[in-house]
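J.: predicted model, plus sequence, below.
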Amino acid sequence: MEHKCMHQAGVESMYYGTYLQIEKIIGSQFPVSFQEGNEPAHDEMLFIIIHQAYELWFKQILFELDYCSTIFEKETINDNSEDLNLVRHRLQRVTKIYQLLNQQVEILDTMTPLDFLEFRNLLTPSSGFQSKQFRLIEAKMGLQMHKRHNEDYYKRTNEGGFTQEDFNHINQVEDKPSIQQLINKWLERLPFFDAKYWEDFANNNNDNVHPFWNAYRNIYKEGLTEREAQKINDFDFVFFGDVTKIISAEVQHSLRSSFSAKGLQAALFIMLYRDFPMFQTSYQILDSLIEIDHLMATWRHKHLVMVRRMIGMRVGTGNTSGAGYLEGALNKHFVYKELSGLSTYLIERKKLPKLPEKLTKELGFFSY
């Protein structure tokens, strides 16, 4: 019998290099210093390959984030389905990729400042700032333009900025709901504060506040030290939007969140009761977002340290302020700091209010 399944007429069998487009990949490094008239700089090859590898991983990150967006864009998410579990898996994969990217900086660090200077001026005015995929990752994660360091840098198509095509693409993505916004809407939909679950829960005579949060607030306040006493005002601002006790505009600004008070209530509730099977996947999703935020900050810090070592305080090749710009971005470009900051409002596990029996019975898997 002829091997029709292996070698049909006119059809070649699959080959490793063809499938992976190896020739295109390994044939796409063109060091400028190797061009006629320039003196070859050995480390430019390393510089190119490192950044191409970054861009390949950025593509995979975007692929994973796009999947997560499609799940959270649904009107309802069914816990009987695989949706949330796959989101958790995708986000945890993104954390592993960022861990790898942070390690990759160490390879680039094998290049010395003098090695870099052999070809640095040939790169002007191109810059890592012009990585469209990295900007798309930031936008999809939820980094808002008005919260960026030196936001004017990002809205330019002049020399050192983006091409008009890339600029338009970035704007289109920024106009779509980010994962941060979608997560907030998902948290707001969580049904665990519905009145039907809390009919038998002591309210302590405060009808303006949900009985759980009234009880939790009292426990939190009692656990504060004398030096922390003002934190109860922060608590009221973050979870109830109460601005009457915080006079300082600077403090209000520092506490103001991209998440809604209702969304943060749900996030804290998940963190507090994450031992329930119903909450474990949701908690790990929130924890993964916090971890990604921290890993992105680590990447920025490593980049800052590397740039300071390479060029000191010189201007960046893309006409940014170099290390100064990177330091500002490191301090400001957090997307999920409000989720990370919820640890400020935790109490001891043994002091957690006991949930009503109606609610604990419902903490199986259902749609919401």
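T.: All right, it came through fine. Numbers count the residues shown, from 1 in each chain.
J.: where in the chain is pLDDT low?
T.: 1-10, 145-147, 149-153, 203-207, 247, 313-326, 328-332, 364-368 (pLDDT under 70).
J.: the longest helix out of those in it packs against which elements?
T.: Secondary structure assigned by DSSP state H gives helix 277-311 as the longest helix of the chain. For helix 277-311, the packing partners by 3 or more Cβ pairs under 8 Å, 6 or more residues apart in numbering; DSSP states H and E come out as helix 83-108, helix 113-117, helix 132-141, helix 179-189, helix 261-272, helix 323-332, helix 337-340. In short, each C-beta sits where N, CA and C put it, glycine included.
J.: for Phe58, which of the ones you listed is the nearest?
T.: Taking Cβ to Cβ as the measure, these were each checked against Phe58, and helix 132-141 came out nearest at 3.8 Å.
J.: buried ones in the very next helix or strand once past the closest one?
T.: Using DSSP states H and E, the helix or strand that follows helix 132-141 in sequence is helix 164-174. Buried residues in helix 164-174, counted by 16 or more other Cβ atoms under 10 Å: 166-167, 170, 173-174.
J.: again with stretch 258-265
T.: Within stretch 258-265, the residues scored as buried using 16+ other Cβ under 10 Å are 258-259, 261-265.
J.: a markdown table for the residues you listed, including distance to Leu20?
T.: Shown next, in a markdown table, are these (distance: Cβ to Cβ, whole Å):
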| residue | distance to Leu20 |
| --- | --- |
| Ser258 | 40 |
| Phe259 | 41 |
| Ala261 | 49 |
| Lys262 | 47 |
| Gly263 | 42 |
| Leu264 | 45 |
| Gln265 | 48 |
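J.: closest one of those to Glu159?
T.: Proximity of those to Glu159, judged by Cβ to Cβ, is greatest for Ser258, which lies at 32.6 Å.
J.: so how far is Leu122 from that closest one?
T.: 40 Å (Cβ to Cβ, to the nearest Å).
J.: Val243 too?
T.: Applying Cβ to Cβ, one obtains 54 Å for the distance of Val243 from Leu122.
J.: and the next helix or strand past the strand or helix carrying Tyr19?
T.: Applying DSSP H and E as the criterion places Tyr19 in helix 16-20. Sequence-wise, the next helix or strand downstream of helix 16-20 (DSSP H and E) is helix 22-26.
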